[in-house]
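In: Build me a model from this:
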Amino acid sequence: MPMESDVSPATSLHARLDVLVASSEAHPLIKTGGLADVVASLPAALRDLGHDARLIIPAYPQALRQVRELRRLAELRVPNTVCQVHLLGGRLPDHDLPVYLVEAPDYFSREGNPYTDVSGRDWGDNPERFLLFSRVVAYVALGLPPLDWRPDVLHCNDWQTGLAPAFLHDHDERPAVVFTIHNLAYQGLFDRATFDRLRLPAVLWSMAGVEFHQRLSFIKGGIIFADRVNTVSPTYAEEVKTARFGCGLDGLLRQLGGRFCGILNGIDYRIWNPATDPVLPQTYDHDSIHLKAGNKLLLQSRFDLPRNEGAFVLGYVGRLVEQKGVDMILSILPRLAAYPDVQLIMQGAGDRAIEQSLVAAMAEYRGRVSVQIGYDEGHAHLIEAGSDAFLMPSRFEPCGLNQMYSLRYGTVPIVHRTGGLADTVVDSSPESMANGTATGFLFNDPNPDGLWYALEAALRLAREAPDQWRRIMLTGMNQNLSWQASARRYEACYAEALGARHQQGAAASA
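Out: Alright, predicted model coming up:
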C-alpha cells in the first residue's frame, strides 16, 4: 500500500520536489545526538515549503513502538543478507511526516544505543548492518513499485548512509544525491578484510572509491559519489579543509570545490520554544523572562541540588567525550568552587572514564555539582530553561544545536570559537555590548584557562551588571534560528545537485 502524499502546493522559490532523507537515527524515534534532531526537523520544514519529503531509518525496536499507522509495504531481496527484510511505512508520532523503516530483525532488533552494545563497544557487525541499510536506501531511491513514489533527491547523512550513493552511481535513472557530513570525526572505517567480507564490488577498492589508506571508508563513499556534499555550518566547512580538522580527508574536500559547502542547521520551534514547551513548569517569552526562574527551582530539585533562585546555574547537555571539552569542565571545578553560589548540572553519556570522573566530581562537590549519566529529553529541556548559562567548550563543533536551544531559552552560551558555535554566538565584546548584538561569551584557546577566562567574564557581568546580562539574554532569544531559513538553503543545494545530475545525464547520452 503506497504512502499518500499530503503536502500543500509549493510556496517556495523552487519547484516542488520529492525528497528522501536517509539517516541512522531520528527524533523522537531514537536519538544519540544532534543528528536525530536535524533529520526529523529538516524534512518537516521542507514539507512546510511544499515539498514531499520523507524519512527512512532502520526499524529499531524503539522506532517500531512509536511510529503511527505502521504497515508493511514491501518484502525486499537483499544480497548476502541472513534474514528477511521488509520495508515498513508510517508517520512520526508527533508530526505528520511519512517515515519508512527498514525491518531486518537480525540486524536492527536491538534495544538501546543503535551503534554500541551495553558495554559501550561498537557492534561487531556494524559494517553489515549499515551496508544493508544503505542498500535498501538505494532501492527506495530508485523507486520500489509498491510505493508508487520515487524521489527527485536522495539526502544521505553521515557514514551510516555513505554506501548508498556508491550503489546508485552507475544507475542512469538515479535521483540527485546530497550527502551531509554532521561530524567528520566519525567515518565508518574498517579493514580490508571487512571490505572483502561485505562482497562489495572490487572496483570500489581504489582512491576513486571507498579505499582510504588501505581501509574501507563508508563516509568517503558519500563524499565521492554524491552530486553535492555539505556540512552543517559555514565555519566548519572551511575548518575541515585544513589538516587540523580534516581527519585525513581535507585534501579530498578541497578537491570538491563548488560541490562542497556549509549550511547551518536550524532548530524546530515547535519543539524548542520556552513559550509553549509542555515540559516546563513555567513557560515564558522575552516579555516575561522573569518567569524563567520558576524552572530553575524545579531543575535544582530534579538534580538534588539546594533550591535557590539566586544561585547561578551552569548547564551542560551532550556527549561526554573529549571532543566536547568535558575534561576542561572537570579541570576548572576547583576554581569554580571559590564561587559558593554557583551550581553545575550536566547530562550526557559517552566515554566511560569521563563518566566515572564526573560521578567522582559529583561526590566531591556534593550540593554544587550534579550529573545524570544518560539522556532524558525532558531533562534536556529543563536544563535549557532552568540554567543561567550553558557550557559548550567543544574542541571542534560542526554545528551544535544546544547553543541555539540556549539562545532561544534565554540561557547565555559560553562556547569555544569554532565551527557552528562561532557562526551562531556573538561574543560579549565592548563593541557588541555597545551596539546590542552580544548573545554569549566565546573563548579562543580550547583549554581550561580559555574556558575559565570566558566563564569568569560571564560570572562577573551577571553579578555586576544584571541589566546588561538581561539584555544579552533577550538578544539571544530574539535571534531567528528556525529551520525555515536552513530549509531554503537546502532547496538551493538540491537544485544544484539536480542541475549537476542532469548535466551528467546529458553528457552520458551525447
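
In: Please make it C-alpha for all contacts and neighbour counts, starting now.
Out: Noted.

In: Could you list the low-pLDDT ranges of the stretch 401-510 of the chain?
Out: 505-510 (pLDDT under 70).

In: the helices in it, which residues?
Out: 402-408, 419-424, 430-435, 448-464, 466-477, 483-509 (DSSP state H, counting those that start in this stretch).

In: Could you list the buried residues of the longest one?
Out: What that stands for is helix 483-509. 483-491, 493-498, 500-501 (16 or more other C-alpha atoms under 10 Å).

In: and what of the fourth one?
Out: When burial is assessed from 16+ other C-alpha under 10 Å, helix 448-464 yields the following buried residues: 448, 450-452, 454-455, 458-459, 462.

In: Give me the angle between that helix and helix 466-477.
Out: Helix 448-464 and helix 466-477 are oriented at 120 degrees to each other (axes from the mean of the first three to the mean of the last three C-alpha atoms, to 10 degrees).

In: What is helix 448-464 packed up against?
Out: helix 326-336, strand 412-416, strand 441-443, helix 466-477 (3 or more C-alpha pairs under 8 Å, 6 or more residues apart in numbering; DSSP states H and E).

In: And the contacts of it?
Out: 328-329, 331-332, 393, 414-416, 441-445, 468-469 (C-alpha atoms under 8 Å, 6 or more residues apart in numbering).

In: likewise the third one?
Out: Contacts to helix 430-435, defined as C-alpha under 8 Å, 6+ apart, come from residues 426, 438, 468.

In: Please identify the buried residues of that helix?
Out: residue 433.

In: how far does the helix or strand where residue 19 lies sit from the chain's center?
Out: Assessed by DSSP states H and E, residue 19 sits inside strand 18-22. With C-alpha atoms, centre = their mean, to the nearest Å as the basis, strand 18-22 stands 17 Å off its chain's centre.

In: what's the answer for stretch 267-274, then?
Out: 15 Å.

In: if we can go back for a sec, what does the strand holding residue 19 rub up against?
Out: 39, 43, 51-57, 137, 141, 150-157, 161.

In: Straight-line length of stretch 20-32, end to end?
Out: End-to-end distance for stretch 20-32, by C-alpha to C-alpha, to the nearest Å: 21 Å.

In: Equivalent analysis for stretch 17-35, please.
Out: Using C-alpha to C-alpha, the two ends of stretch 17-35 sit 23 Å apart.

In: What mean pLDDT does it get?
Out: For stretch 17-35, mean pLDDT is 95.

In: what's the burial count for residue 291?
Out: 14 (other C-alpha atoms under 10 Å).

In: Surely it is within a helix?
Out: Yes. Judged by DSSP: H, G, I helix; E, B strand; the rest coil, residue 291 forms part of a helix.

In: So it sits against residue 284, correct?
Out: Yes. If you go by C-alpha atoms under 8 Å, residue 291 and residue 284 touch, sitting 5.9 Å apart.

In: Out of the helices and strands packed on helix 448-464, flag the one nearest residue 297.
Out: In terms of C-alpha to C-alpha, the element of those nearest to residue 297 is strand 412-416, at 17.9 Å.

In: Pull the distance from the top strand by length along the chain to the chain's centre.
Out: Criterion DSSP state E: the longest strand present in the chain is strand 68-76. Remark: strand 68-76 is offset 27 Å from the chain centroid, using C-alpha atoms, centre = their mean.

In: Perfect, that will be all.
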